[in-house]
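Engineer: Any chance you could fold what I've pasted below:
(2 chains)
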Amino acid sequence: MNLTLKVWRQKNAQTAGKFVTYQAEGISPDMSFLEMLDVVNESLIHKNDEPIHFDHDCREGICGMCSLYINGHPHGPKRAITTCQLHMRTFHDGQTITIEPWRAAPFPVIKDLAVDRSAFDRIQQAGGYVSVNTGGVPDANEILIPKVIADEAFNSATCIGCGACVAACKNASAMLFVSAKVSQFALLPQGQPERYSRAQSMVAQMDAEGFGNCTNTGACEAECPKEISLTNISRMNNDYLSAKLFREEHAHENNG
Amino acid sequence: MSLSAKIPEGPLAEKWSKHKFDLKLVNPANKRKYDIIVVGTGLAGASAAASLAELGYNVKAFCFQDSPRRAHSIAAQGGINAAKNYQNDGDSVYRLFYDTIKGGDYRAREANVYRLAEVSVNIIDQCVAQGVPFAREYGGLLDNRSFGGAQVSRTFYARGQTGQQLLLGAYSALNRQIHHGKVKMYTRTEMLDVVVVDGKAEGIITRSLTTGEIDTHTGHAVLLCTGGYGNVFYLSTNAAGSNVTAAWRAHKRGAFFANPCYTQIHPTCIPVTGDHQSKLTLMSESLRNDGRVWAPKTHAIAEQLRKGAIKAAQVGEADRDYFLERKYPSFGNLVPRDVASRNAKEMVDDGRGVGASGVAVFLDFADAITRLGKDAVAAKYGNLFDMYYQITDEDPYSQPMRIYPAVHYTMGGLWVDYNLSTNVPGLYALGECNFSDHGANRLGASALMQGLSDGYFVIPYTLGDYLATIGPKAVDANHPAFAQTKKDVTDYIAKLLALRGTKTVNEYHRDLGHIMWEYCGMARTAEGLTKAKGLIQALRADFWKNAIVLGDNEEVNASLEKAGRVADFLELGELMVDDALMRNESCGGHFRLESQTPEGEALRDDEHFAFVAAWEYTGDNQPEKLNKEALEFEYVHLTQRNYK
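Structural biologist: Numbering: from 1, shown residues only, chains lettered A, B, ... in the order given. Model prediction:
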């Protein structure tokens, strides 16, 4: 296959970026999208041109490091997969493919297609945990968890933190990401003691990072490579509102 | 130099308890006077950093990814072993210990492995308390499944994403300590050297992958939790960024590298399709609970399958060879990985391979789908089946998967004693980065167990003993060793950036991978290894003349990062070949064609090779010196492994 790529190139956060057109030639339909970019980069290096920078690591759809806004969709046109799992057989010979970074103010561009997603880490640090130290915990089977609850918590916990939800959202909202973690713990017995303080702390950090609010468009759910559902946002809103109305004091006491 | 593993005296089952009592303690008020450096934030690193910070130490943690949550432990699929015996099927700490020693083909330390089995039960408790959503039964209790090399069900799992869930658990514990200010986290930062002051590790040199800034960090101890070196083969199931650099640079500063040739080739991976491929994808060992491995009985049928003239489903039962079930009736499809891999290779070498390339065998779920129904199979393995479909464009529900072995894990690594200390005081190695617990072959679902055991339950005890011994005096950042090491790093980077040749770094990496896979892969010979050594030396010399490394240091420069890592692989590759050549026996994943039983199984030579090979760096392009640590077995009887 031969393809035309329009790729966003940007030296760093301080400089303006622009689209540059490249030809990708001799591409096999069995290549992954990132392998196609590898081929383009190899040819650029041979010409002493700077390769296109993009984030990637596991290349098996689980680490959440790869991103890319491909033809208007985070992680490309197919549902429920990451860019590294997108294969070139999805495209046709002669097609033009536009590749951009995630575009959201809280995700500044580092270089070309790579953005800084450390805001996500800071939100997790604000409360995305159960406060237990190593050791001194009860036997694992002393905590009974109904299978349906465990499965539902697991579904929320499969979020890979890639940021596609933010990139897809017209408001650059991070509600799907934040609510997935809030939900996981809110569903489980282990998460109950800090349930309401956690929702408040994580939402406060989310707001501080400059993410927008949710207007229930649902683009995040549609584009999420792990199919995290909007129900998580409802659960988080419920806990957040409940905390604001009835449990604020409780939250303050727990913040120490 | 004599190597002491510092294994405590006393009966096997009491060694760890006794040792924990004998270890010195640091009083709570003094803990905050110590700084600990943790490099890598996978299961071992994140759990160690969090646990040490909880104790009160000041921790600086480093990862090259953009977030600690992305370390490659995240990709582990199948599960984590623990001797809970929740299934009432005869499991015990001793049985997990025994299975692990035997699975490792009697090339691991008894005391380490026993401790691993002992703390395995605490790991599950810890993870559940953190909110890790393991699979459950309808009654609310934890579910288990079976893995290779065991006849009990002791593997805990979270669908096909166990590593992800365990890592996110450790990541949450780490986040809590970052929030409390006890861990300072450095992301997109790569460790490029260890600073050794008067024989003790007291710091590291790092490069920021965003600005290129070279920094010095001091610490009373340095913990390397940087994973394995499977990417020396270019194609492996490791992440693109996985590398040996931290461990290798530590090796060049004096830390011994143990058993580098022990490589795990995982039997069930999606086969290679072409030269463009950048990595191989694992299909979890858990699939062998329900999938049956087979190859056609005759060359004629194999030929038709390869040409696509017939489909697998059209091959009748009588024409299929379920070779693992046939050869190993007791363990069947759940033989250990090294055994399963070698048998798949045997089929392919015999001309009975399938798929367009002929380099694959089948993993068939038709029976399981008939027995359990498609929905039940999807509930267990859905994500793996989807992944297979995305990569191959074939539906594994309607036709068998094509699988072939691929490099997955490295049992070798930095030499450590019972306390996880390398031979350089103050420098520790945890998880896959060390060599200690899996011998010559790791059993499935034991990597997660070891990473978390080292981080949560071993290092918090053993490190205290060292810290109490050296005392809380601040590390002197002005010692000339810091400036000198930083200069060495800067000079090395300048040398890489001066390479403006004609061949890309990736091309060198691929060439190295071909050499390693061909001569130091699933079957090794003295002749092949000798040839490989020459080829690697020539390739390395060529790299330092003709490689292209673009750009500058003071910017995001993936080309430079990769060049440094490949340069290290080019050195490590030669050591692996030396080690494989020296070890003139077969054991576990190390298979020398010269040493096999009449049935073609790995044949050990306990009289001459029951030792850990700990290699000592002696200088650039100099032969490394071999140090031996004898392996003594008091509790298990060394026999030929039998899975029949």
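
Engineer: How is the chain divided into domains?
Structural biologist: Went with chain A since none was named. A:3-111, A:118-254 (automatic domain parsing).

Engineer: think we crossed wires, I meant chain B
Structural biologist: If you go by automatic domain parsing, chain B breaks into B:268-405, B:480-610.

Engineer: Now do the first one: distance from first to last residue.
Structural biologist: Looking back up the chat, that one is domain B:268-405. Start to finish, the residues bounding domain B:268-405 are 6 Å apart (CA to CA, to the nearest Å).

Engineer: next one: it to chain centre, how far?
Structural biologist: 24 Å (CA atoms, centre = their mean, to the nearest Å).

Engineer: anything in it near chain A?
Structural biologist: Yes: Domain B:268-405 lies within reach of chain A by CB under 8 Å from any CB of the partner chain, at B:273-274, B:276-279, B:281-282, B:386-387, B:390-391, B:393. For every residue, glycine as well, the C-beta is placed using N, CA and C.

Engineer: for the shortest one, same thing?
Structural biologist: Yes: against chain A, domain B:480-610 shows contacts by CB under 8 Å from any CB at B:500, B:502, B:504, B:506-507, B:548, B:550-551, B:555-556, B:558-559.

Engineer: Please point out which parts of the longest helix anywhere in chain B sit buried.
Structural biologist: Counting residues, the longest helix found in chain B (DSSP state H) is helix B:558-582. Across helix B:558-582, burial judged by 16 or more other CB atoms under 10 Å in any protein chain shown covers B:558-581.

Engineer: what's the neighbour count on B:Tyr229?
Structural biologist: Residues near B:Tyr229, counting by other CB atoms under 10 Å in any protein chain shown, number 30.

Engineer: Sorry, wrong one. I was asking about B:Tyr492.
Structural biologist: 15.

Engineer: does stretch B:177-194 come close to chain A?
Structural biologist: Yes: on the criterion CB under 8 Å from any CB, stretch B:177-194 is in touch with chain A at B:178-179, B:185, B:187.

Engineer: possible to save those as JSON lines with distance to B:Ser595?
Structural biologist: As requested, the residues of stretch B:177-194 next to chain A are exported to JSON lines (distance: CB to CB, whole Å):
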{"residue": "B:Ile178", "distance to B:Ser595": "50"}
{"residue": "B:His179", "distance to B:Ser595": "54"}
{"residue": "B:Met185", "distance to B:Ser595": "47"}
{"residue": "B:Thr187", "distance to B:Ser595": "46"}
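
Engineer: Out of those, name the ones that lie in strands.
Structural biologist: Cross-referencing the residues of stretch B:177-194 next to chain A against strands under DSSP state E gives B:Met185.

Engineer: possible to save the residues of stretch B:177-194 next to chain A as a markdown table with pLDDT?
Structural biologist: Output for the residues of stretch B:177-194 next to chain A, formatted as a markdown table (pLDDT from 0 to 100):
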| residue | pLDDT |
| --- | --- |
| B:Ile178 | 98 |
| B:His179 | 98 |
| B:Met185 | 98 |
| B:Thr187 | 98 |
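
Engineer: List just the nearest of the residues of stretch B:177-194 next to chain A to A:Pro106.
Structural biologist: B:Thr187 (15.8 Å; CB to CB).

Engineer: Cross-check the contact I'm expecting between the closest one and B:Gln65.
Structural biologist: Yes: here B:Thr187 reaches B:Gln65: they are 6.7 Å apart, a contact under CB atoms under 8 Å.

Engineer: More neighbours: the two, which one.
Structural biologist: Taking other CB under 10 Å, B:Thr187 and B:Gln65 do not tie; B:Gln65 has more neighbours (25 against 22).

Engineer: Am I right that the more buried one is in contact with A:Gly64?
Structural biologist: No: counting by CB under 8 Å, B:Gln65 stays clear of A:Gly64, with 9.5 Å between them.

Engineer: quick one: the helices in chain A?
Structural biologist: Under the criterion DSSP H, chain A contains helices at A:33-46, A:118-125, A:147-157, A:164-168, A:175-187, A:195-208, A:219-223, A:231-246, A:248-254.
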